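Chemist: Got a predicted model here, sequence first, then my questions.
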Amino acid sequence: MRATDETKRQEGGVAGAVRFWLPVLVLVLVIRSFVFQTFHIPSGSMIPTLLIGDSLAVSKFPYGFSRYSFPLSPPLFSGRVLARPMERGDIVVFRLPTDDSVDLIKRVIGLPLDRVQMLNGVLHINGEPVKRERIEDFIDEDNGGVRVRQFRETLPSGKIYSTLDMVDNGPLDTTEVYEVPDGHYFMMGDNRDDSADSRVLDEVGYVPFENVVGRAEIIYFSIGHDAHAWEVWRWPEAVRWRRLFTILR
């Protein structure tokens, strides 16, 4: 009789745990699929806007939803539902067209049917140079204080952001004219000499709208000096406190 009572208590405990955790898991799944997903920046292709060690919240809903909005990317449908076009200058996470298991984050530069070209380090869109102004050097504090030339670009839409130009006559400083296919976008990193992006057609190329996961909204955490977020004892020195809760626009 005691054994039976103990079994009932154990079964009741399991059922109670399931009743508690199942709604939590469902809520997390819904939020991750339809609202926000978090990403960590492991490389420097978006410096100075995004630094290695930044952690971002990426919203799923601004452009509608595709299969890549959901965990494991189930092939439930093709294209996008509730689709709304991206804007030039948005920072977006997308699946690499040549390997859709890989996430990349870049800036939207070319819209469908645009013509994009780099000439001597200057971005041209539809035959017109994008306004580019030299500003103060970027100081790479995570790399011994190295100074890098920094420019302010202003897109035709009015979106303003900073880019880096590490060397003159880099391999992607002068390119062919890229004609963006309908339904695709042209992505570039802000660190122009250290970004494999749509300029490299056999690695990234034109990004189908379907491959877009979401728009980067906010830096909610940032840590440098080769530290990890779980190394709490290093936070006082390594956390970039000024970057926390920076809105990305």
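Modeler: Looks like it arrived, so ask away. As the structure is a computational prediction, the values presented were derived from the model and not from experiment.

Chemist: And the residue nearest the centre of this structure?
Modeler: Nearest to the mean C-alpha position of the chain, counting by C-alpha atoms, centre = their mean, stands residue 105 at 3.1 Å.

Chemist: ok, the residue nearest to that one when sequence neighbours are not counted - contacts?
Modeler: Leaving aside its chain neighbours, residue 105 sits nearest to residue 93 (4.9 Å; criterion: C-beta to C-beta, 6 or more residues apart in numbering). For every residue, glycine as well, the C-beta is placed using N, CA and C. With contacts defined as C-beta atoms under 8 Å, 6 or more residues apart in numbering, residue 93 is in contact with 37, 39, 58, 103-105, 212-216.

Chemist: can you pull the pLDDT of residue 93?
Modeler: On the pLDDT scale, residue 93 is placed at 97.

Chemist: And it, how far from residue 187?
Modeler: 10 Å (C-beta to C-beta, to the nearest Å).

Chemist: do the same with residue 152
Modeler: Counting by C-beta to C-beta - residue 152 and residue 187 are separated by 20 Å.

Chemist: Pick out whichever of these two has more residues nearby.
Modeler: Higher neighbour count among residue 152 and residue 187: residue 187, with 26 against 14, using other C-beta atoms under 10 Å.

Chemist: thought the more buried one was touching residue 94?
Modeler: Yes. With contact defined as C-beta atoms under 8 Å, residue 187 reaches residue 94; the gap is 7.0 Å.

Chemist: How confident was the prediction at residue 170?
Modeler: Predicted confidence (pLDDT) for residue 170: 92.

Chemist: what's the answer for the one 3 residues further on, then?
Modeler: The pLDDT attached to residue 173 in the predicted structure is 97.

Chemist: ok, it - contacts?
Modeler: 118, 120-121, 192-193.

Chemist: What residues of whichever strand or helix holds residue 220 count as buried?
Modeler: Per DSSP states H and E: residue 220 is located in strand 212-222. Residues of strand 212-222 classed as buried by neighbour count (16 or more other C-beta atoms under 10 Å): 212-219, 221-222.

Chemist: Closest one to residue 163 out of the residues you listed, please.
Modeler: Nearest to residue 163, judged by C-beta to C-beta, of the buried residues of strand 212-222 is residue 216 at 16.4 Å.

Chemist: and that closest one, what is it in contact with?
Modeler: 39, 50, 56-58, 91-93, 105, 248.

Chemist: Please convert those to a markdown table, extending it with secondary structure.
Modeler: Below are these laid out as a markdown table (DSSP: H, G, I helix; E, B strand; the rest coil):
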| residue | secondary structure |
| --- | --- |
| 39 | strand |
| 50 | coil |
| 56 | strand |
| 57 | strand |
| 58 | strand |
| 91 | strand |
| 92 | strand |
| 93 | strand |
| 105 | strand |
| 248 | coil |
